[in-house]
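*Asks:* my questions concern the predicted model and sequence given below.
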Amino acid sequence: MGNKVMEFYDKYGIKEWYRLEESSYSRINYLLHMDFIEKHLKEGMRILDAGCGAGRYSIELAKRGCKVTLFDISSEQLRIAKEKIQEAEIEENIEGFIQGDIRDLSQFKDEEFDMIICYGAPLSYVMENREKAILEFNRVLNKKGLLALSVNNRWGIIKMVLGSRNYDFFERPEYWNIEEVIKTGDLREHEMVSQPPRHFFEGKELEYLLKCNGFKEVFLGGSPCISCGNAEIINDFNTDNRGLETIFKIELETYTKPTMVDNGEFLLAKAKKK
Ligand SMILES: C[S@@+](CC[C@H](N)C(=O)[O-])C[C@H]1O[C@@H](n2cnc3c(N)ncnc32)[C@H](O)[C@@H]1O
């Protein structure tokens, strides 16, 4: 699996850097992900950004005085992240750029980090032995550490396809393997999907995976919930528009409500070590 994901993100290149700022909708996603960890951030804390991509979150965390290690399977994403970090002039808070798979963190010592973020769904690309990644996160996190991750959500993705007016998807369910996706969460390789295979999680499933592999106090969120499936409408608002501000306030109010967490494009989870 690793190679396909690596190849995809090596080719995807700079598009990954723009992903979180290309639209008002993406902006909401970014801000909700930041809000989810905001109160846990402390200057000087050591953070592992696992599946860092082009480094959006690493840069923000380093600007706040955290000591960040960037980790990704794609050497091209790490190269872009390095370039963006130099442009932002925050190298003094960066502890390393390391290539690898989140299921094998042997390059790190036990209990090395105060926080791990694994944002933007790296875990959704892990189709086999995903518990290994959770056990490795557990091992490299210190006793009071926090794990924060986001994965693709099974129901959010259906809302997104509907919102994109992809009528064919619903008219030809066999062709699109809809039955399999809604029953198992697995989206196999498909001639019409450019992304490598992915797993779409449900809230309870992710909570179970974390609890069975050394974590407790699992807290979930959905990003974004109200706006998911409505990207076109959200993007009618400019990023500085009052309307967008109102929508964001509603998202903030709702995104961690238990009834909402399975409604987002991304399913957020944070948890402490048992
Ligand atoms: C959508 S990007 C998210 C990047 C960044 N975390 C963000 O939210 O902006 C997903 C990243 O996960 C990385 N990734 C996927 N599977 C991985 C794995 N098994 N180990 C390490 N990185 C992985 C990809 O190379 C890609 O850079």
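*Replies:* All right, it came through fine.

*Asks:* now the helices for the stretch 1-150 of the chain?
*Replies:* For the stretch 1-150 of the chain, the helices defined by DSSP state H, counting those that start in this stretch occupy 2-12, 15-19, 24-38, 56-63, 75-88, 130-140.

*Asks:* what's the pLDDT at Tyr18?
*Replies:* For Tyr18, the model assigns a pLDDT of 88.

*Asks:* residue contacts, Ala50?
*Replies:* Phe71, Ile102, Leu105, Ile116, Ile117, Cys118, Pro122, Phe137 (Cβ atoms under 8 Å, 6 or more residues apart in numbering). Placement of C-beta: from N, CA and C, glycine included.

*Asks:* show me what the first one is bridged to.
*Replies:* Note on Phe71: beta-bridge partners by DSSP bridges are Ala50, Ile98.

*Asks:* separation between it and Glu265?
*Replies:* According to Cβ to Cβ, to the nearest Å, Phe71 stands 23 Å off from Glu265.

*Asks:* also the fifth one?
*Replies:* Counting by Cβ to Cβ, the separation of Ile117 from Glu265 is 17 Å.

*Asks:* same check on Asp186?
*Replies:* Distance from Asp186 to Glu265, by Cβ to Cβ: 18 Å.

*Asks:* for Thr259, same thing?
*Replies:* Distance from Thr259 to Glu265, by Cβ to Cβ: 17 Å.

*Asks:* more neighbours, these two?
*Replies:* Between Thr259 and Glu265, counting by other Cβ atoms under 10 Å, Glu265 is the more crowded of the two (24 against 9).

*Asks:* would you agree that one is in contact with Arg154?
*Replies:* No: the pair Glu265 and Arg154 does not pass the contact test of Cβ atoms under 8 Å, sitting 11.0 Å apart.

*Asks:* strands of the stretch 51-200 of the chain, start to end?
*Replies:* 67-72, 94-99, 113-118, 141-152, 186-187, 198-199 (DSSP state E, counting those that start in this stretch).

*Asks:* can those go into CSV with extra columns for distance to Cys228, mean neighbour count and mean pLDDT?
*Replies:* Below are those laid out as CSV (distance: least, Cβ to Cβ, whole Å; neighbours: other Cβ atoms under 10 Å; pLDDT from 0 to 100):
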stretch, distance to Cys228, mean neighbour count, mean pLDDT
strand 67-72, 26, 25, 98
strand 94-99, 32, 16, 98
strand 113-118, 20, 24, 98
strand 141-152, 11, 22, 98
strand 186-187, 17, 18, 95
strand 198-199, 17, 22, 98
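
*Asks:* for Arg27, find the nearest of those.
*Replies:* Evaluated with Cβ to Cβ, those place strand 141-152 nearest to Arg27, the distance being 15.6 Å.

*Asks:* neighbouring contacts of the closest one?
*Replies:* Under Cβ under 8 Å, 6+ apart, the answer for strand 141-152 is 33, 36-37, 40, 111-121, 123-124, 137-138, 198-201, 206, 210, 215, 223, 265-273.

*Asks:* buried residues, the lowest-mean-pLDDT helix or strand in the chain. List them.
*Replies:* Here the helix or strand of the chain ranked lowest by mean pLDDT, DSSP states H and E is helix 15-19, holding a mean of 89. Of the residues in helix 15-19, Glu16, Trp17, Arg19 count as buried by neighbour count, 16 or more other Cβ atoms under 10 Å.
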